[in-house]
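Participant: coords please:
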Amino acid sequence: MAHHMRRRWLPAAALLPVLGLAPACSDAQRPAGAGSDAERDPAASEAKDRSTPLTADTLKAALLTEGEAAAAGFTLTGGDARTGAATGDVGEETAEPDGCVALRKVRSQNVPGRGESAAAWSTMYVGDSAMAPRNTVLTSYPPHTARSRLAELRRAVDTCDSFSVRNAHGAASLTTETLPVPDLGEEAVRYRVLGRTETTSGHKGYNYSLVTVVRVGGVIATVETSEVFGPLPPAQLAKFAPEPGPDEPMIAALVGKVAKSAGV
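Facilitator: Numbers count the residues shown, from 1 in each chain. Okay, the predicted model is just below:
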């Protein structure tokens, strides 16, 4: 099966910019028992809202190290951090319906205007594989802003069972499905997206993206597993849908480090 996938890797690479993966419906719920901060303790919520967002150095330190990734069965291949939100021109992307673009933005390290105080990111693979990267993005906000970002994402997951996106590289039609959320952090969202993509040069293919988003205080931790393929028959495509099982220990370890760094 691995050899079968590698034969499609090069043509599938042409699809990455359309999918927002360039080098680089449904229903969501909070973890059981995880009410809002105000419901648990209004005074604590007010204090948290006045807390200072984490710095880029602190966020980078909250990412899994090479040894921690290896202990969870992954190989870390690189990462970095940035103070402030992205400012580069990565090209405009539009979605229809418009609110569905939140499903795309949350798992990207490079979203101009998103408003984070800092960001850190890394990429890892299962074992020594060179397929299905796990991309981690940590973004830091004042806690009330982080809650608003998760509320926006939840609305998108609730309503965007199907949507389309277009950018300078091509267009894609996408469908989403909700998966059970892990009992991590203060709130979490998990969904899987299948994209059917065509580039401006005519390349066609598919992308599966499994996204887990966990909020811890003012930090939003996102882990995305992505798989990109050239044209495949539906029966073969169904075999490659990423499942969260192999990632659970790694995600739990990451969220534990973020919670410690955020003092939660």
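
Participant: quick one: the helices in the stretch 1-150 of the chain?
Facilitator: 2-6, 9-13, 37-40, 42-49, 56-62, 66-71, 102-105, 143-159 (DSSP state H, counting those that start in this stretch).

Participant: how about the stretch 151-264 of the chain?
Facilitator: Using DSSP H, counting those that start in this stretch, helices in the stretch 151-264 of the chain cover 234-238, 248-262.

Participant: return the most buried member of those.
Facilitator: Compared across those, helix 248-262 shows the largest average neighbour count, a mean of 19 (mean count of other CB atoms under 10 Å). The C-beta positions use only the backbone N, C-alpha and C, and glycine is treated the same way.

Participant: contacts for that one next, please.
Facilitator: Applying CB atoms under 8 Å, 6 or more residues apart in numbering, the external contacts of helix 248-262 come out as 54, 58-59, 61-64, 68-69, 71-74, 124, 134, 136, 138, 182, 184-185, 212, 214, 216-219, 221, 223, 244.

Participant: 7 Å - rerun?
Facilitator: 54, 58, 61-62, 64, 68, 72, 74, 136, 138, 182, 184-185, 212, 214, 216-219, 221, 223 (CB atoms under 7 Å, 6 or more residues apart in numbering).

Participant: dump it to CSV, restricted to CA.
Facilitator: The C-alpha trace of helix 248-262 is given here as CSV (Å, rounded to 0.1, in the frame of the first residue of the first chain):
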residue,chain,number,x,y,z
GLU,A,248,-4.0,10.3,20.6
PRO,A,249,-0.9,9.8,22.9
MET,A,250,1.0,12.5,20.9
ILE,A,251,-1.8,15.0,21.1
ALA,A,252,-2.3,14.3,24.8
ALA,A,253,1.4,14.9,25.5
LEU,A,254,1.3,18.1,23.5
VAL,A,255,-1.7,19.5,25.3
GLY,A,256,-0.1,18.6,28.6
LYS,A,257,2.9,20.6,27.8
VAL,A,258,0.8,23.5,26.6
ALA,A,259,-1.3,23.5,29.8
LYS,A,260,1.9,23.5,31.9
SER,A,261,3.3,26.5,29.9
ALA,A,262,0.0,28.3,30.2
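
Participant: switch to numbering from 22
Facilitator: Fine by me, first position is 22 from now on; the one you just mentioned is helix 269-283.

Participant: closest one to Arg128 among the helices of the stretch 172-285 of the chain?
Facilitator: Arg128 sits nearest to helix 269-283 of all the helices of the stretch 172-285 of the chain, at 13.2 Å, using CB to CB.

Participant: possible to save the helices of the stretch 172-285 of the chain as TSV with distance to Ala123 and mean pLDDT?
Facilitator: Formatted as TSV, the helices of the stretch 172-285 of the chain follow (distance: least, CB to CB, whole Å; pLDDT from 0 to 100):
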stretch	distance to Ala123	mean pLDDT
helix 255-259	25	81
helix 269-283	20	95
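
Participant: output those as CSV; include the columns distance to Asn188.
Facilitator: Shown next, in CSV, are these (distance: least, CB to CB, whole Å):
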stretch, distance to Asn188
helix 255-259, 23
helix 269-283, 29
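
Participant: what about these, which gets the closest to Pro164?
Facilitator: helix 269-283 (9.2 Å).

Participant: which regions of the chain sit below the pLDDT cut-off?
Facilitator: For the chain, applying pLDDT under 70 flags the ranges 22-72, 109-112.

Participant: that older thread, give me the buried entries from the contacts of helix 269-283.
Facilitator: For the contacts of helix 269-283, a burial check counting by 16 or more other CB atoms under 10 Å picks out 75, 79, 83, 85, 89, 93, 95, 157, 159, 203, 205-206, 233, 235, 237-240, 242, 244.

Participant: before I go, just wanted to say thanks for your time.
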